[in-house]
Structure formats: C-alpha cells, structure tokens
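Q: Take this sequence and fold it.
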Amino acid sequence: MLIYGLGLLAFSYLAGQLFGDFLGEMIGVQANVGGVGFAMLLLVLLHNYFQKKQWVKAQFDEGIGFWSNMYIPVIVAMSASQNALLAFNKGVLPIVAGTLIVIIGFALVPVISSIKTTHS
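A: Residues are numbered from 1 along each chain as shown. Have a look, this model is predicted:
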C-alpha cells in the first residue's frame, strides 16, 4: 500500500524543486524560492486530476495519504528552519513579515472552514 503514490510524490517534489530553483534564478536570488510549496501544490493538483479521471484506486489514495502525512510536516519544518538565523540577523523586517503571515494564516482558518461547509 505504501509504495502507491510514491512516484507521484517524487515527481511532484522534483518538479517543485526545479521550479523553485528556476524562480530563484529569475529573480536573482541564488536559492530555491518556494520549491516545497510548489511541490505540495502540484501533488494536490495531480491527485485531484487523477481522481476526476477515475485513475485512482483505494491503495493509491492510502499511499498518497501516508506519504502526505510523512512528507508535509518534515519538509515544512526543514523549510521553516532553513533561513531563520539569516532572517534574525537581517533586522526587524523579516520578523515582522513572518509574524504577519502567521496572523493572516490564523485569521483565514475560519473563512476557509466556512467555505468548505457551505459547498459540502
């Protein structure tokens, strides 16, 4: 069961990393810009596309669920700690921006939750 969906996860991860590197080069930053986010977005979009085409079997769904539960927390934690020291050394602006993003994220939870319940 666990091997199903691993190929889709690997493809999404590699494509997201390549796009993040490309985006970093385009804006002049010598770093990956949003590769993990693009990978997670691609994984969700491809999984939904495969479900609509009815190419997804129960084992595939279980495999995607397992790897998503493993992948997302680990990768997000790695990304969050990646440039924390650099951000603290650069001054107040990165700290304010990070705090503002977290506050906006928390504020949007009820909005997104209400959208899901109205369309269910």
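
Q: For the rest of this, base every contact and every neighbour count on C-alpha atoms.
A: OK.

Q: Hmm, Phe50 is touching Lys57, no?
A: No. Counting by Cα atoms under 8 Å, Phe50 sits too far from Lys57 to count as a contact (9.7 Å).

Q: Report the mean confidence score over the helix or strand harbouring Ser12.
A: According to DSSP states H and E, Ser12 maps onto helix 6-27. Mean per-residue pLDDT for helix 6-27: 86.

Q: Can you name the next helix or strand after that helix?
A: helix 35-52.

Q: about what we covered before: tell me which strands and helices the helix holding Ser12 is in contact with?
A: Contacts defined by 3 or more Cα pairs under 8 Å, 6 or more residues apart in numbering; DSSP states H and E place helix 6-27 against helix 35-52, helix 58-82.

Q: Which of these comes out lowest on mean pLDDT?
A: When the helices and strands packed on helix 6-27 are compared on mean pLDDT, helix 58-82 scores lowest, with a mean of 71.

Q: In contact with the residue nearest to Trp67 when sequence neighbours are not counted, which residues?
A: Spatial nearest neighbour of Trp67, chain neighbours left out: Leu6 (7.1 Å); criterion: Cα to Cα, 6 or more residues apart in numbering. Contact analysis of Leu6 by Cα atoms under 8 Å, 6 or more residues apart in numbering lists 63-64, 67.

Q: Now distance to Phe19 and neighbour count too, for the residues you listed, in JSON lines please.
A: Converted to JSON lines, the contacts of Leu6 look like this (distance: Cα to Cα, whole Å; neighbours: other Cα atoms under 10 Å):
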{"residue": "Gly63", "distance to Phe19": "25", "neighbour count": "19"}
{"residue": "Ile64", "distance to Phe19": "22", "neighbour count": "25"}
{"residue": "Trp67", "distance to Phe19": "21", "neighbour count": "16"}
